[in-house]
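Chemist: Got a sequence here, can you model it:
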Amino acid sequence: MKVLITVAPEKFRDEELAEPVAAFRKAGIGFDIASTRRGVCTGMLGAKTTATLSFEEIDPKHYEGLVIVGGAGSQVHLWGDELLRELVKFFHQSGKVVAAICLAPAVLARAGILKGKKATYYESPASFKEMKIGGAVITNAPVVRDGRIITANGPSASAAFGDAIVQALTAAEW
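Modeler: Okay, here's the model as predicted:
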């Protein structure tokens, strides 16, 4: 089993990558990291990771889930990315896990998969607007799961977010 993790090329939130990665490793779930371009990506707190794939190179059939990491860079680099929105739609329509944390749930809203779905996010005026336009049923909880969609509200929820993804990927009912 393998998941695809997407990060902004700069200013992703470090914990929102590190904690889910730790949960995936513990559970024996493989992962690839992708961004708008291949190469080194830098977190808001200085962490570095390497995107081995650009969005253009992804074959979504190879993955059981999609994880979108938040941080200030997600608004700049990910919210408007058409390829990422198409990936979100493919994963959702295929019944796969789609997860986003912090400012990244706005990508799910823009992709149209949050209409009538419970979700949470890191609140800013711009993210609030995106979630409302996308029709999300906003829930004030650190981590929210609605079917195969998982959202979390920020860095402090990173570990629980990773655990929720692992649980969704390994649950017997799926």
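Chemist: Residue nearest the middle of this protein, spatially speaking?
Modeler: residue 68 (2.0 Å; Cα atoms, centre = their mean).
Chemist: wouldn't that one be in contact with residue 103 here?
Modeler: No. At 9.6 Å, residue 68 does not count as touching residue 103 under the criterion of Cβ atoms under 8 Å. Placement of C-beta: from N, CA and C, glycine included.
Chemist: Now do stretch 63-71: distance from first to last residue.
Modeler: End-to-end distance of stretch 63-71: 23 Å, with Cα to Cα, to the nearest Å as the criterion.
Chemist: follow-up on the earlier one: tell me the pLDDT at the residue nearest to the centre of the chain?
Modeler: At residue 68, the model reports a pLDDT of 98.
Chemist: Report the beta-bridge partners for it.
Modeler: Listed by DSSP bridges, the beta-bridge partners for residue 68 are residue 6, residue 100.
Chemist: So it versus residue 40, what's the distance?
Modeler: Taking Cβ to Cβ, to the nearest Å as the measure, residue 68 and residue 40 are separated by 19 Å.
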